[in-house]
Each structure stands twice: as C-alpha cells, then as structure tokens.
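Novice: got a sequence here, can you model it:
(2 chains)
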Amino acid sequence: MRRRLVTVAVLAGALVLPLGASAATPAQVERGNHLYGRYCLSCHGAKGSGTPNTAPSLRGAGALAADFYLRTGYMPLHEVGTQPRRTRLLFDEGELQALTAYVASLGQGPPIPKPRPSRGNLAEGMHAFTDHCAGCHQIVAEGGYVTGALPPALENATDVQIAEAVRIGPYVMPTFSKQQISDRTLDSIIAYVDYVKHPDDRGGWALGHLGPVPEGLVTWLIAAALAVVFCVVIGKRLRRT
Amino acid sequence: MRERLRTAAVVLGLLVLRRRRPEPLLPAEQEPIVPEGSKQPRAELLALGLLLFAVVCFAAFVAVYALDRLPRQTQLLGLALGLGLLSLAAALIVTAKRLVVTEELEDDYPAFEHPEEQETIVRTAEESGSRLTRRRLFALGLGAAGGTLGLALLAPLASLGPVIDMNPFYRVPWRRGRRLIDEDGRPYRASEIDEGTFYTAFPEGADKEELGSPLVVVRLRQSELDLPPENAGYAARGIVAFSKICTHAGCAIALYRTPLYPPAEPKPALVCPCHYSTFDPATGGTVIFGPAGRKLPMLPLTIDRRGYLRAAGTFDGPVGPSWWGVRNRGAKA
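Specialist: Residues are numbered from 1 along each chain as shown, chains lettered A, B, ... in the order given. Below is the predicted model of the structure:
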C-alpha cells in the first residue's frame, strides 16, 4: 500500500500529472525501451522476440510477468539456464515501471494482479496451500526441494508477487489457471502465507518450523545431556572416610 | 478470637521451627547400628531452602494457571513446574548425599547353603516320573502344546498383509470406459486440461480411498511425448495419466516439475515428496531419479464424443509399493 502511494507520488512529481501506477505513458515506454536495450536485449532479442534455446519471447508476457521477474530480482539472470534467485534489485522504482510498461507494450498480456488477502479466509487458505503449494514450498512456506530445482521460501514474497507466481509458474513451478485456483482462493492462500511469515508459536521455540524431527532431536540432545549429568551427580561414589 | 489465633500461630511456628531430637522408637540401651554422623547444619539449610523454593514454584504454577490470560502463559507454566521439579530433585540429592548417614559394607558371596537338599530335589524330580510308560510320547505332547501356543501367538502377524493371496494388490477400480472425475465428483473434460500444470483425478462411481483410485493427469506437448511401444496410444491428445501412488513407499505424487521455458530448464517430471523419486511422464512414467524400483503405472486414456476423459483400459502395471512377485503379472480391473 505504502509503496503504491510512493509510486503515485513519484509519478505525479515527475510528470506533473495525476497518473495512477498502472497507466503507462509513451515517455515511460520510451525509457523502458532504452533500459531494455541495455539490460535485456542480449538474451530476449529485439522487441522481445526471444533467442532460441536461451531466452523465451516476451510478447504476450504482459505487465504481470515483467513486474514479477524484475521486482524479485530474478531478472536480469546471472547465467542462462540456472534457476533465477531473489537478488539485489538492479533498478529503481521509476526504471522498474518503465521496463514493465515497455514489456507490456510488446503484446497483449495479463496486467499486474491486485490481490486482497484481507478478503481471504485463513483456514481455506491453509487448505488450498496444503493442496497446491505445500508439496514443494513446505507447509509453512519455508521452501523445499524438488529434483533439479529449489522451491524458494516465501518469507520475502509480497502479496502481489505470490499472486503473479501462481499464474506464471516461474522456472519449474506449475502454472495454476483461474479454474484451478480462483482469485478468491488466491486471496485466501496469500492470507495464509502472510500469516505463516509470523505465525503464532504457542509452543515457544519454533526451531525453524521444520516439524517434529528437529524438535525431537533438540529435546533428546538436551534431555540426554541432563540425564547423564544427573546420573553422574547421583551415582558418584562416596569417599571412604 | 484474635488472641487465640495469635497463640495458635506462635505454637505452630514453634512446633515447625524448633530443633529437637526425635523420640527414639526403641529403648536406647542397645548398641547403635548406624554410627552417629556429624551434624550438617548448612546442608540441612540448603535442602530446606530448595524444598521451600520448590513449594514456591509449585504454588506459582497454580497461581499462573489461575491467573488466566497472562502473556506467554504456557511457557510460564512450564518454567514453574520445571524449576519446582528440579529444585525438589536437588533437595532429595542433597538429603541423600549429605544428611542421611551412609557407609559402605562389603560382603563375601555365601557358599552353597544346602548341597544335600539340592541333590534330594533332583532325585525327587527324576523318581516322580515312574508312572509314565511312554515318556517320549509325553515329551512330544508337551512340545506340541508349547509349539502350537507359539503358533497361536504368531498367527495375528498375518494381519500385517497377505502372504499367499496377492490378488487384492492387483485389483484396481479403473476399467475401460470409466470417466475421470475431480475431487468434487465433476467429470473432467479434455479441454480443461492445460499444459504446465497437473490435476488429480478419481474413477467415477468407485471408492476414492482405494490405493488404485487416484490419478495424476498432465498434458504434454505432442513433440515432447516419447512413449515406448508398449504404451503407444495411451495418451489422448497429449494428455497422459498415471497412478498417483509412488511405486517406492506409496506416498502421493504431489509435485510436478514443469519448465516455463523448456530449452533452458529441467524437463517435466512427476516427483514424490517423500524420497524424491522422479518419474518422466513423457516416456510412460519411467524412473529418472530416486529410490523407486518400478515405473509409475500408466492408464490409457480416450476422449468420448462429448469431450469427457475416459479410461481406455486399466493400468499397464500393478499400483503402489512393490511386494514379492510384483513383476509377475499386470494390474487387474
């Protein structure tokens, strides 16, 4: 919310026009084109046509995909063929918007979604997350493994990024259509992911939310050490007097 | 009234706090068995202090329990009870080591006490059997009774799984013409199955809980499909279906790895989250990684005139984790 406000303020200041965050101006697209030529063109080709076996075409990717890949720092990719990872952002807010506007102008594509997790239902979200997401991302979104890739933890994912990732299916993640996960269910899923970022740990020490195995290990290590100390103290032989 | 209460409090205090020797239970003329130990006032004080602390802790537990709505109540309850138990244990240790008079005594092992009686017992046992004329048969009877008792105790092990009749393992609800339905019972249309995602399907009109019921359904590009000859024709317009039960340990195949940009990313694969057995849907469910020993059973699909997905037969192999003889036969509808 705050970021959106800042965006609006920056835009209004720069263009002296009361523009919303989603409206792209020709000047923005032009600036995006310039940035594209500098950072993206070597792989994605002229006007987002793509390069065979290196990078996909961006025509029809839309503002949704551009916003996701740029704001997570997934793009520009360090090395072609590797899994994109969350990295330091290369662009400032104005540049991000310009690039997104340019990619959106390349072809008809989905716009940036506007999820509203406050409308979602936490319990429903947990149910849907268990069904669709937890297999890879772990039940409290700590991240996990799949052969050949590392599903990331979702602690730094924003609401919009989660909504985007579900529709894109970045890297080897499946794509979920609106038939499989409706926007309403998506709101619930996002509400659940937001909740598990700071869960209510009734038990005290969460141990990374990894479940009963580390909990049992810690208990046994501490309990076993204490038991040994007690045995030694109790069983010490009396000195003969 | 107040006067009387004060007197009672003073008397009680004196009774509790004064030092005195206990009345001996027996007349004191005899030689003591336990030598009198030196007084240990500090250890006594320590033990009493620990006991008092334990009392405070246990009382605190009750207090915290009663004062509901405290922040971190669970942790405080645990802390109070834990500290109380620890200090009670410490008090008992101090008491045992410092306050109770102890000494070490060594005793030699005694010699055999009754050698004659022992011999008598052996002879009695031997001679008591004089009435038996068929000793060997009798021993056999005893042995048989004991053996069958053991057998009776082991027999319930059979409940762990079939040993002789493996047929139930081969039975699956899928047969020619059965429609594929989703979790809510809605039949799947072929047009609903998108690329790059996966669906769970069940047989229409059969028990969803059966091991052979759940399917994982994905759509692949025709160019990606590379089915072996025995699975030729199993795919329906690029849609392929496999048993959702991993052939390693029977977990549900809940992970579908599907590249957004196939040329630069790992190829599509069905992955079991338990031990990361990885199956290639394009080649008929062959194992490409992990501990699974058999390919994922594949179900032939067909699309009916109204566009619904139907089974065109049954699985090409037995469903679920392996057992002895699993490779001898195929699945049975």
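Novice: contacts and neighbour counts: CA atoms only from here.
Specialist: Noted.
Novice: name the nearest residue to B:Leu299, ignoring sequence neighbours.
Specialist: B:Phe315 (4.6 Å; C-alpha to C-alpha, 6 or more residues apart in numbering or on different chains).
Novice: looking at it, that neighbour is touching B:Lys295, isn't it?
Specialist: No: counting by C-alpha atoms under 8 Å, B:Lys295 is not a contact partner of B:Phe315; they are 11.5 Å apart.
Novice: so which residues on chain B come close to chain A?
Specialist: Neighbours of chain A within chain B, by C-alpha under 8 Å from any C-alpha of the partner chain: B:74-75, B:93, B:196-198, B:254-261, B:263-266, B:268, B:271, B:273, B:276, B:278, B:289.
Novice: let's see it at 6 Å
Specialist: B:Gly196, B:Thr197, B:Ala254, B:Leu255, B:Arg257, B:Thr258, B:Pro259, B:Leu260, B:Pro263, B:Ala264 (C-alpha under 6 Å from any C-alpha of the partner chain).
Novice: now render these as CSV, adding pLDDT and secondary structure.
Specialist: Below are the residues of chain B next to chain A laid out as CSV (pLDDT from 0 to 100; DSSP: H, G, I helix; E, B strand; the rest coil):
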residue, pLDDT, secondary structure
B:Gly196, 90, coil
B:Thr197, 91, coil
B:Ala254, 89, coil
B:Leu255, 90, strand
B:Arg257, 91, strand
B:Thr258, 91, coil
B:Pro259, 90, coil
B:Leu260, 88, coil
B:Pro263, 84, helix
B:Ala264, 83, helix
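Novice: any quick PyMOL command for the buried ones out of those?
Specialist: With 16 or more other C-alpha atoms under 10 Å in any protein chain shown as the criterion, this PyMOL line picks the buried residues out of the residues of chain B next to chain A:
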select buried, chain B and resi 196+197+254+255+257+258+259+260+264
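Novice: nearest to chain B: which residue in chain A?
Specialist: A:Val172 (4.2 Å; C-alpha to the nearest C-alpha).
Novice: quick one: A:Ser182 and A:Ser188, what's the gap?
Specialist: Distance, A:Ser182 to A:Ser188, using C-alpha to C-alpha, to the nearest Å: 10 Å.
Novice: common neighbours of the two, please.
Specialist: Listed as contacting both A:Ser182 and A:Ser188 by C-alpha atoms under 6 Å, 6 or more residues apart in numbering or on different chains is no residue at all.
Novice: what sits closest to B:Gly307 if chain neighbours are left out?
Specialist: In space, and not counting its chain neighbours, B:Gly307 is closest to B:Arg189: 5.5 Å by C-alpha to C-alpha, 6+ apart.
Novice: mind pulling up the pLDDT for the one you found?
Specialist: B:Arg189 is assigned 94 on the pLDDT scale.
Novice: right, and it touches B:Arg306 too?
Specialist: No: contact criterion C-alpha atoms under 6 Å: B:Arg189 and B:Arg306 do not qualify, at 8.4 Å.
Novice: and these two? which has more neighbours close in?
Specialist: Neighbour count, other C-alpha atoms under 10 Å in any protein chain shown: between B:Arg189 and B:Arg306, B:Arg189 has more, with 17 against 8.
Novice: so who does that one touch?
Specialist: Per C-alpha under 6 Å, 6+ apart, neighbours of B:Arg189: B:Gly307, B:Tyr308, B:Leu309.
Novice: returning to what we had before: please, which helix or strand holds the residue of chain A closest to chain B?
Specialist: Remark: A:Val172 resides in no helix or strand, with elements defined by DSSP states H and E.
Novice: correct me, but it touches B:Thr258?
Specialist: Yes: look at A:Val172 against B:Thr258 with C-alpha under 6 Å: they come within range, at 4.6 Å.
Novice: so in the chain, which helix runs the longest?
Specialist: I'll assume chain A. helix A:212-235 (DSSP state H).
Novice: think we crossed wires, I meant chain B
Specialist: Per DSSP H, chain B has its longest helix at helix B:41-66.
Novice: what's that helix packed up against?
Specialist: Here helix B:41-66 touches helix B:73-94, going by 3 or more C-alpha pairs under 6 Å, 6 or more residues apart in numbering or on different chains; DSSP states H and E.
Novice: quick check: angle from the helix it packs on to helix B:41-66?
Specialist: Put simply, helix B:73-94 runs at 160 degrees to helix B:41-66, going by axes from the mean of the first three to the mean of the last three C-alpha atoms, to 10 degrees.
Novice: what average pLDDT does helix B:73-94 get?
Specialist: So the average pLDDT for helix B:73-94 ends up being 93.
Novice: ok, now stretch A:117-129?
Specialist: pLDDT averaged over stretch A:117-129 gives 93.
Novice: just the CA trace of it, in PDB.
Specialist: Provided in PDB are the C-alpha atoms of stretch A:117-129 (Å, rounded to 0.1, in the frame of the first residue of the first chain):
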ATOM      1  CA  PRO A 117      -5.700 -11.000   1.200                       C
ATOM      2  CA  SER A 118      -8.000  -9.200   3.700                       C
ATOM      3  CA  ARG A 119     -10.900 -10.700   1.800                       C
ATOM      4  CA  GLY A 120      -9.400 -14.200   2.100                       C
ATOM      5  CA  ASN A 121     -10.200 -16.900   4.700                       C
ATOM      6  CA  LEU A 122      -7.100 -18.100   6.600                       C
ATOM      7  CA  ALA A 123      -8.400 -21.700   7.100                       C
ATOM      8  CA  GLU A 124      -9.400 -22.000   3.500                       C
ATOM      9  CA  GLY A 125      -6.000 -20.600   2.500                       C
ATOM     10  CA  MET A 126      -4.300 -23.300   4.600                       C
ATOM     11  CA  HIS A 127      -6.400 -26.000   3.000                       C
ATOM     12  CA  ALA A 128      -5.600 -24.700  -0.600                       C
ATOM     13  CA  PHE A 129      -1.900 -24.100   0.200                       C
END
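Novice: do that stretch and chain B meet?
Specialist: No: for stretch A:117-129 and chain B, the contact criterion (C-alpha under 6 Å from any C-alpha) is not met; the two come no nearer than 12.3 Å.
Novice: quick one: buried residues of that stretch?
Specialist: For stretch A:117-129, a neighbour-count test (16+ other C-alpha under 10 Å) marks A:Pro117, A:Gly120, A:Asn121, A:Leu122, A:Glu124, A:Gly125, A:Met126, A:His127, A:Ala128, A:Phe129 as buried.
Novice: how near is B:Ser130 to B:Arg123?
Specialist: Counting by C-alpha to C-alpha, the gap from B:Ser130 to B:Arg123 is 12 Å.
Novice: more crowded one of those two?
Specialist: Legend: neighbour count by other C-alpha under 10 Å for B:Ser130 and B:Arg123, higher for B:Arg123 (11 against 8).
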